[in-house]
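For reference, the sequence and a predicted model appear below.
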Amino acid sequence: MTTSDFDRRMERAPYSTIWNLAWPQVVMMFFHFLIGFVDVWVAGRIGRETQACMGVMSQAMFFFMVVAIALANGSVAAISQSSGAGLPKRIKRFVGLGVGLGVVTGLAILIFGLWFDERFLNLLQIPPELMPIAGYLLEVSLYLMPAYYVFTITNAFFRAQKIVTLPLYSMILVTGVNTLGDLGLGLGLWGLPELGYKGIAWATFGSVVCGTIYNVVMLHRCGLLCAQCFAPWRWTRLALPYLIKVAWPAGLMQLVWHSAYMVLYAITASLPEGSVVAMAGMSAGVRVEAVLFLPAMAFNFTASILVGHYLGQDRRAEAKHVGYRIMAVGVAVISVFTALLWTVIGPVTAFIAPDPEVQAEAVNYLAWNMAAQPPMLAAMILGGAFTGAGATMYQAIIFGTSAWLVRLPLAYVLGHIVLRSSDGVWMAMFASVLVQCGTMFYFYQCKDWFRFTLRKNRRPA
């Protein structure tokens, strides 16, 4: 679909066009969720040691992938704006630049990780009896980094040009290969060798490599990966600063937000009363809450795509308006989804947390956090709009301050001093979401976030 065809479709049926962009990404996020779910499920059948190490490795992988996520955000801003501006040559050059940076940074993480692996495991306080398992999982994960970086960044390339079905197909492929590998190599089904935790590690490796190969082939078939993509140094020298300017606040936001969650866990674990039940309830609640983040991330991606598209055409009013439209659709969808989930919250939490006390605490956690889903999604969608505009600095400031200056201090005061229970922590989480949403609205409505756009009149030559 050409840019003009897409614009005409948006004018005729804006909400159906937004939904057509969003739903494949909702499904894509569901398959992404299934990958982690199957890994943990199979690990639990191998042994508690493997399951414990899988949890630690999932946290470690987040830190290894921060640069990839940051580069993906930068690529979405640059390519969606270039697509809206009708500059195919610039799109190809940003694709080439992104692929090159993905390979280089992935290799750098691999080399640094192999050098730092023992120190890293010691920092995580891995018990000595788990070191062999954790060390093996970490090593295979590090070997995966170059492919995983390219996979993450190339998915962003497709989304930025409104090609949302190819990342979906890629994620289905990865999920399928990973599931078959986990069951076959991890548990020894279908006559395959039972490798245990090693099988899970190599299933992940093989699945992501398959997804990366698929993405690279499709990029080439779409004409987005060719000799033209690799620009001369004169162009790269001018384009690279913009990509970095968008990418580093996005990476910083991920680190700040994730580290705030780690501190929140520590505040919950040290509550004066009922800390063990609170921790278990929070862990169970987070697993249920993760399902609600699937549509949230999909609408976040959609806002990045469309806002970048309109800003590439220098249509500021339309860009701002489409952000509000996506927010309206997203909040309506998440409100219905949350209400339906709440009707079965008892059986769902009972399945995850059989212990009655933990189940009750999980329901208490979810009561506050599910109520916060509509304002949370509104903030995430407007944050996605900032990503499409290249204004990731605003996103980092708002999410960072709401976490570190509101959520954490309030959680400590309410949880440890005033209420002396988990209720104070859950209330602080709810309050911080309201502050975050209100601040995001203010910045979106009143601040000049358009100034971060890479417009035609200042594009690299």
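That came through fine. Residues are numbered from 1 along each chain as shown.

for the stretch 151-300 of the chain, what spans make up the helices?
Counting by DSSP state H, counting those that start in this stretch, the stretch 151-300 of the chain has helices at residues 165-181, 187, 197-221, 233-269, 275-312.

what angle separates the last one from helix 233-269?
Going back to what we said before, that points to helix 275-312. Relative orientation of helix 275-312 and helix 233-269, computed by axes from the mean of the first three to the mean of the last three CA atoms, to 10 degrees: 150 degrees.

if we can go back for a sec, right, and the helices of the stretch 151-300 of the chain - which one's nearest Asp117?
Nearest of these to Asp117, taken as CB to CB: helix 197-221 at 13.9 Å. C-beta: built from backbone N, CA, C; applies to glycine.

just checking, what packs against the closest one?
Secondary structure elements in contact with helix 197-221, counted by 3 or more CB pairs under 8 Å, 6 or more residues apart in numbering; DSSP states H and E, are helix 14-46, helix 48-64, helix 131-160, helix 165-181.

that older thread, okay, the helices of the stretch 151-300 of the chain, which one's buried deepest?
Across the helices of the stretch 151-300 of the chain, averaging neighbours per residue (mean count of other CB atoms under 10 Å) puts helix 275-312 on top, at a mean of 23.

what is the mean pLDDT for it?
Helix 275-312 shows a mean pLDDT of 82.

got it, and stretch 188-195?
Computed over stretch 188-195, the mean pLDDT rounds to 85.

Now tabulate the helices and strands packed on helix 197-221 in a markdown table and tack on distance to Phe441 and mean pLDDT.
Output for the helices and strands packed on helix 197-221, formatted as a markdown table (distance: least, CB to CB, whole Å; pLDDT from 0 to 100):
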| stretch | distance to Phe441 | mean pLDDT |
| --- | --- | --- |
| helix 14-46 | 19 | 82 |
| helix 48-64 | 28 | 71 |
| helix 131-160 | 25 | 88 |
| helix 165-181 | 29 | 93 |
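
so which of those helices comes closest to Leu255?
Counting by CB to CB, Leu255 lies closest to helix 48-64 out of the helices and strands packed on helix 197-221; the figure is 7.7 Å.

List the contacts of the closest residue to Gly400 other than its chain neighbours.
Closest residue in space to Gly400, ignoring its immediate chain neighbours: Val256 at 4.2 Å, by CB to CB, 6 or more residues apart in numbering. Applying CB atoms under 8 Å, 6 or more residues apart in numbering, we find Val256 in contact with 396, 399-400, 403-404.

What of Gly106?
Neighbouring residues of Gly106 by CB under 8 Å, 6+ apart: 68, 145-150.

Any figure for the gap between it and Cys446?
39 Å (CB to CB, to the nearest Å).

Using the record's assignment, carve this protein into domains.
The chain breaks down into these domains under automatic domain parsing: 1-231, 248-461.

Determine which of the ones you listed approaches Leu238 most closely.
domain 248-461 (3.7 Å).

ok now the closest one, how far from the chain's centre?
Centre-to-centre, domain 248-461 and its host chain are 12 Å apart (CA atoms, centre = their mean, to the nearest Å).

what do you get for stretch 95-111?
On CA atoms, centre = their mean, the centre of stretch 95-111 falls 19 Å from the chain's centre.

buried residues in that stretch?
By neighbour count with 16 or more other CB atoms under 10 Å, stretch 95-111 contains the buried residues 95-99, 101-102, 105-106, 109-110.

Looking at the residues you listed, which are in helices?
95-99, 101-102, 105-106, 109-110 (DSSP state H).

what's the closest of those residues to Gly383?
Using CB to CB, those come closest to Gly383 at Gly98, 21.1 Å.

Please tell me the pLDDT value assigned to that closest one.
pLDDT, Gly98: 86.

That one and Ile398, how far apart?
26 Å.

What of Met262?
20 Å.

With Gly308 instead?
Distance of Gly308 to Ile398, computed by CB to CB: 19 Å.

again, but for Ile163
30 Å.

Same check on Met29?
Met29 is 22 Å from Ile398, where distance means CB to CB.

got a list of what the spatially most central residue of the chain touches?
Note on the chain: the residue nearest the mean C-alpha position is Met297, at 6.9 Å, using CA atoms, centre = their mean. By CB under 8 Å, 6+ apart, the residues touching Met297 are 25, 29, 380.

Run through who's touching stretch 347-360.
Residues contacting stretch 347-360 (CB under 8 Å, 6+ apart): 277, 280-281, 284-285, 287-288, 341, 346, 362-363, 366.

Now stretch 412-425: buried residues?
Using 16+ other CB under 10 Å as the test for burial, stretch 412-425 gives 412, 414-416, 419, 421-425.

oh sorry, the question was meant for stretch 8-26
Neighbour-count burial for stretch 8-26, counted by 16+ other CB under 10 Å, picks out 10, 14, 17-19, 21-26.

In a markdown table: those residues, plus distance to Ala431.
Output for the buried residues of stretch 8-26, formatted as a markdown table (distance: CB to CB, whole Å):
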| residue | distance to Ala431 |
| --- | --- |
| Met10 | 37 |
| Pro14 | 34 |
| Thr17 | 36 |
| Ile18 | 30 |
| Trp19 | 32 |
| Leu21 | 33 |
| Ala22 | 29 |
| Trp23 | 32 |
| Pro24 | 35 |
| Gln25 | 30 |
| Val26 | 28 |
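
Neighbours of the closest residue to Tyr242 other than its chain neighbours, how many?
In this structure, Tyr242 finds its nearest non-sequential neighbour in Leu454, 5.4 Å apart by CB to CB, 6+ apart. Per other CB atoms under 10 Å, the neighbour tally for Leu454 reads 24.

is it true that Leu454 touches Ile79?
No - the criterion here is CB atoms under 8 Å, and Leu454 misses it with Ile79 at 10.0 Å.
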